[in-house]
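[1] Predicted coordinates and the sequence they were generated for:
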Amino acid sequence: MLNRFTGVGHLTQSPKMVELRGGYKVCKFSIAINNPIKKTVLFLDIEAWNKTGESCSKYLEKGSSVAIDGRLDLKQWQSQSGEKKSKIFCVAEGVHFLKNKEKPEPEDLEEEEDEVPF
């Protein structure tokens, strides 16, 4: 079976880097993927490991546009009340930093020049 995920979205929060035992590092963040046809948004948690995670932690921030290549995985746990819970997330194998839409520049305001006495 093939388990591949490719998606483009915007970070919903700044990435968080976590160092684990054994020297492993994981960067966790989530992205919002818009579906313009259904007018819905899908939120997906992403884990980027080691060097990929370090780059994400260094260069990404809330609102950054990214393209993710990876595989989907399932996290399962039991809540304190005994209820079984599960969540699908993506383990990123590649993260491509996309150019964000440029923000419009504020109109140039003429500044009054103050005379500087010497």
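    Arrived safely, thanks for sending. Residues are numbered from 1 along each chain as shown.
[2] Pretty sure residue 71 is one of the things residue 3 touches, is it not?
    Yes. At 4.5 Å, residue 3 and residue 71 qualify as touching, with contact defined as Cβ atoms under 8 Å. Using the backbone N, CA and C atoms, a C-beta is placed for each residue, glycine as well.
[3] Flag the shaky bits of this structure, pLDDT-wise.
    Applying pLDDT under 70 to the chain flags residues 101-118.
[4] At which residues are the helices of it located?
    For the chain, the helices defined by DSSP state H occupy 50-59.
[5] quick one on the thing from earlier: settle it for me: which of residue 3 and residue 71 has more neighbours?
    Using other Cβ atoms under 10 Å as the criterion, residue 3 and residue 71 rank with residue 71 on top: 12 against 9.
[6] ok, now how distant is that one from residue 39?
    Computed with Cβ to Cβ, to the nearest Å, the distance linking residue 71 and residue 39 is 28 Å.
[7] Then residue 28?
    28 Å.
[8] quick one, which of the two is more surrounded?
    Neighbour comparison, residue 28 and residue 39: the larger count goes to residue 28, with 17 against 7 (by other Cβ under 10 Å).
[9] so that one sits right up against residue 18, yeah?
    Yes. The criterion here is Cβ under 8 Å, and residue 28 meets it with residue 18 at 6.7 Å.
[10] And residue 42, how close does it get to residue 34?
    Between residue 42 and residue 34 the distance is 8 Å, computed by Cβ to Cβ.
[11] Kindly report the same for residue 68.
    Taken as Cβ to Cβ, the span from residue 68 to residue 34 is 14 Å.
[12] higher neighbour count, these two?
    The neighbour comparison of residue 68 against residue 34 (other Cβ under 10 Å) goes to residue 68, with 22 against 13.
[13] Could you tell me which residues make contact with the more buried one?
    By Cβ atoms under 8 Å, 6 or more residues apart in numbering, the residues touching residue 68 are 5-9, 31, 46, 90, 92, 94-96.
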